[in-house]
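Peer 1: Coordinates for the following, if possible.
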Amino acid sequence: MNSSATARARRGPRTRLLALAALAATGAAVAYVASPATLSDSFPAPTVHGDPAAWIADSERRVAAATPIVPGTEKRVLWLDPDTRARTTYAVVYLHGFSATRQEVAPFGELLAGALGANLFETRLSGHGLLENPLAGVRAEDWLEDAAEALAIGAALGDHIVLTGTSTGATLALALSGHESFEAVSAVLLLSPNFAPADGRAEFLTWPGGRLLAEMLVGETRSWTPWNELQGRYWATSYPTAATVEMMRLVKYVRSRLPLEIDAPILAFYSPSDTVVDVDRLRAGLARIRAPRLQSIEIQESGDPSNHVLAGDILAPGNSHIILEHTVRFLRESGL
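Peer 2: Predicted coordinates for the structure are as follows:
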C-alpha cells in the first residue's frame, strides 16, 4: 500500500467519527430549538392510600432527602378537627402560582376553610419551594400531575372540593377541568388567572428556537428582586429561564382548549392594574368559559405593588378578608 493510500485508510475512521459527531450535534441543535410538545391530560388520577396527611408527608420527606425544602412551603393538610381528622363536607384545595409557594396568599386558604367548615390541602408544585436549584428540570406535565394529586387528596378530605388557584395555579386549575380527577370539584376560585403574561415577548418562548432566543437575551438564569424579605424567602427569585417555557406551555394549552365547558360555578378576582398578567387576555379568557355561574370581580388596589397577588399577609395584608367575604357569599348563593 502506498503512502497516500495508507493516509486515506487512517483518515477513514476519524472522518466517519467526525461526521457522526457533527450529525449528533445537528440533531441536538434541532431538538433544542424545536417547538415543545403539546400538553396532554391523559394520565390516570393518583390513588391516595391511608391517611392523606401521612401520605403527603412521606412523599415530601423523599423530596427533602434529595433537595432541602424551604421550611413552611411543604405540602400540607390542615384538618378542621385535628383530633378526629374527620372527613368534611367540603375540602379546600389550593394551587399556588409560578415561582411561588403556598405562602403567597396565606392565610387565605385557612380563612376560607374555616369559614366553610372544611379541611384544607395546600400543595407544593414540582420544583418550587426548594432551597437549592429551584425549578431546575421541571416540566409542565409535572405540574399537571401535582394538581391531579392535589384533587385526589382533596377528595380524600371532603365530599366536595372548592378548588382555588392563583395566577398560573389558576391556569393549572383550568387545565385539569377535563381530567377525571376534576369530578369532585364543586366550585372554582381563580385569583389573577394567567391567560398570558403582561410581557408579550413570552409568547415566543414556545416557538421553535424560543428557549434559545430567551437564553440569549436573558441568560440561562432569570432573576428578579422581591418586594420584601418574606417574598424573597417563599418565592424563587432566581431560576432557569427554561422554566418559563414550561409556564407558557401550560398557558397555551389552556388557551387552546377555549371555549371551556366547566360544570361548576366559577368566581374570578383580578386587578385591572395587574402588571404581571395581560388583563385584556385575562378578560377574554374568562369570557370564553361556560359554567353554571361565572362571576368576575375587579380589585382596584391589593397592596401588592404589582397588583397581582390579591390576598395574603406577605403582599396584600388588607385584602384577605375582602376576598373571603366575596367568596363565601358567592359559594352560598351558588348553593354550596
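
Peer 1: Show me the protein divided up by domain.
Peer 2: 1-33, 48-333 (automatic domain parsing).

Peer 1: pLDDT value on the residue nearest the centre of the chain, please?
Peer 2: Centroid-nearest residue in the chain: Gly169, 4.2 Å away (criterion: CA atoms, centre = their mean). Gly169 is assigned a pLDDT of 98 by the prediction.

Peer 1: residues contacting the nearest residue to it once chain neighbours are set aside?
Peer 2: Among residues not flanking Gly169 along the chain, Leu95 sits closest, at 3.6 Å (CB to CB, 6 or more residues apart in numbering). C-beta coordinates here come from the backbone N, C-alpha and C atoms, glycine included. Leu95 makes contact with Thr123, Leu125, Ala147, Ala150, Leu163, Thr164, Gly165, Thr166, Gly169, Ala170, Leu172, Ala173 under the criterion CB atoms under 8 Å, 6 or more residues apart in numbering.

Peer 1: pretty sure the third one is touching Phe121, no?
Peer 2: Meaning Ala147. No: between Ala147 and Phe121 there is no contact under CB atoms under 8 Å: 11.4 Å.

Peer 1: Which one's more surrounded, the two?
Peer 2: Phe121 (31 against 25; other CB atoms under 10 Å).

Peer 1: Pairing-wise in the sheet, spell out the partners of the residue nearest to Gly169.
Peer 2: Gly165 (DSSP bridges).

Peer 1: From Leu190, how far out is it?
Peer 2: 10 Å (CB to CB, to the nearest Å).

Peer 1: same check, this time on Gly154
Peer 2: 16 Å.

Peer 1: go on, Phe108?
Peer 2: Counting by CB to CB - Phe108 and Leu190 are separated by 13 Å.

Peer 1: cool, Arg139 as well?
Peer 2: 23 Å.

Peer 1: Kindly report the same for Leu212.
Peer 2: Counting by CB to CB, the gap from Leu212 to Leu190 is 33 Å.

Peer 1: neighbour-wise, which of these two wins?
Peer 2: Leu190 (27 against 12).

Peer 1: where does the protein have low pLDDT?
Peer 2: Across the chain, the ranges flagged by pLDDT under 70 are 1-35.

Peer 1: Now do the helices in it.
Peer 2: 3-33, 52-66, 108-116, 140-157, 168-175, 210-218, 229-234, 242-256, 279-287, 320-333 (DSSP state H).

Peer 1: Quick check: which of the ones you listed is buried the most?
Peer 2: helix 168-175 (a mean of 28; mean count of other CB atoms under 10 Å).

Peer 1: Packing partners of that one?
Peer 2: The contact analysis (3 or more CB pairs under 8 Å, 6 or more residues apart in numbering; DSSP states H and E) places helix 168-175 against strand 88-95, helix 140-157, strand 158-166, strand 185-191, helix 242-256.

Peer 1: Buried by neighbour count: which residues of the first one qualify?
Peer 2: Of the residues in strand 88-95, those with enough neighbours to count as buried (16 or more other CB atoms under 10 Å) are Thr88, Tyr90, Ala91, Val92, Val93, Tyr94, Leu95.

Peer 1: out of those residues, which one sits closest to Val245?
Peer 2: Leu95 (19.8 Å; CB to CB).

Peer 1: how near is the closest one to Thr123?
Peer 2: Taking CB to CB, one finds Leu95 at 6 Å from Thr123.

Peer 1: rewinding a little: which member of the contacts of Leu95 is positioned nearest Gly335?
Peer 2: Out of the contacts of Leu95, the member with the shortest distance to Gly335 (by CB to CB) is Leu163, at 16.5 Å.

Peer 1: Please tell me I have it right and Pro317 contacts Ser302.
Peer 2: No: if you go by CB under 8 Å, Pro317 and Ser302 don't touch, sitting 9.8 Å apart.

Peer 1: quick one: which of these two has more around it?
Peer 2: Ser302 (27 against 13).

Peer 1: Tell me the spacing between Ala212 and Gly158.
Peer 2: Not Ala; residue 212 is Leu. In terms of CB to CB, Leu212 sits 46 Å off from Gly158.

Peer 1: and if you look at Gly169?
Peer 2: Taking CB to CB, one finds Gly169 at 19 Å from Gly158.
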